[in-house]
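# test case, fold it:
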Amino acid sequence: MCNPIALMAGQMVTQLWGQHQQTKAQTAMYNAQAQAAEANARISDRKQQDIANQALQERDKMDNKMRLIAGQNTAEAGATGLSMSGTPLQLMASSYDEYNKDINNWETNKNNSIYNEYLNGVNYRNEASSARAAASNAKTQGRLQMLGTILSGASSMYGLKQQYAGSSASAKKYKTVYGGDTTFDAFSGMRQADTMRMENGTGPSSVITVRKVRYR
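Below you'll find the predicted structure:
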């Protein structure tokens, strides 16, 4: 016959193993999400740097273009014998106005692009933090659940043990004695004198008898 306490202990171990595996899987899932979010945040950082580098290249192109225009205007004015006043000066001023507008647009677009990518990085880092917190919570909840299983199982096994202990004590209340030298009366539990034992046929010269004797 299977020991019920051992069976209950086996069931508890199986339940604990299942809880452990479930906690492990949840923690691994959240940690994987955190790692992916952190990787995306690093990519976002590189994108911000790329945007800044690309913007600087565009600024260099605009500067070079403006220097080229200014040089052409000066050369044309010198070739025609005109001074940098009047029409040549107005053309130069107009070119610089367009250049300054381009620079302002460039600055605005660059800052907006970098800031938007910065927000993406912040969101990724927040996702990573949330996933790490979820992994920690899952681990804590798993441990608490396993602790509850252990306490509940131990309490149940203790109660079952006490129940069986009481049944065993009741079953052992009496014992069987063979022979005529029985010291205790089966019903009163009192010790018997030799004369009483002889009268009852339980003395040394009597035949072998079988009696139920109560434990003291």
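
# now do the helices in the chain.
4-79, 87-171, 194-199 (DSSP state H).

# a markdown table please, covering the ones you listed and showing mean pLDDT and mean neighbour count.
Backbone N, C-alpha and C define where each C-beta goes, glycine included. Shown next, in a markdown table, are the helices of the chain (pLDDT from 0 to 100; neighbours: other Cβ atoms under 10 Å):
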| stretch | mean pLDDT | mean neighbour count |
| --- | --- | --- |
| helix 4-79 | 86 | 14 |
| helix 87-171 | 84 | 14 |
| helix 194-199 | 42 | 13 |
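
# from Gly142, how far off is Ser136?
11 Å (Cβ to Cβ, to the nearest Å).

# swap in Lys47?
From Lys47 to Gly142 the distance is 37 Å (Cβ to Cβ).

# Glu58 now?
54 Å.

# also Gln49?
41 Å.

# try Met66
Met66 is 65 Å from Gly142, by Cβ to Cβ.

# cool, Asp63 as well?
61 Å.

# please apply the same query to Lys61.
59 Å.

# one more: Asn64?
Taking Cβ to Cβ, one finds Asn64 at 63 Å from Gly142.

# please name the nearest non-neighbouring residue to Ala9.
Met157 (6.5 Å; Cβ to Cβ, 6 or more residues apart in numbering).

# does Met146 touch Gln19 like I think?
Yes: judged on Cβ atoms under 8 Å, Met146 makes contact with Gln19 at a distance of 5.1 Å.

# list the contacts of Ser95.
The contact partners of Ser95, taken as Cβ atoms under 8 Å, 6 or more residues apart in numbering, are Met66, Ile69, Ala70, Asn73.

# please name the residues that touch the third one.
The reference is to Ala70. By Cβ under 8 Å, 6+ apart, Ala70 lies in contact with Met92, Ser95, Tyr96.

# what residues are up against the last one?
Right, Tyr96. Met66, Ala70 are the contacts of Tyr96 under Cβ under 8 Å, 6+ apart.

# contacting residues around the nearest residue to Ala135 once chain neighbours are set aside?
In this structure, Ala135 finds its nearest non-sequential neighbour in Tyr30, 3.6 Å apart by Cβ to Cβ, 6+ apart. By Cβ under 8 Å, 6+ apart, the contact set of Tyr30 is Ala131, Arg132, Ala134, Ala135, Ala138.

# can I get these in a markdown table with distance to Asn109?
Listed next are these as a markdown table, based on distance: Cβ to Cβ, whole Å:
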| residue | distance to Asn109 |
| --- | --- |
| Ala131 | 33 |
| Arg132 | 35 |
| Ala134 | 38 |
| Ala135 | 39 |
| Ala138 | 44 |
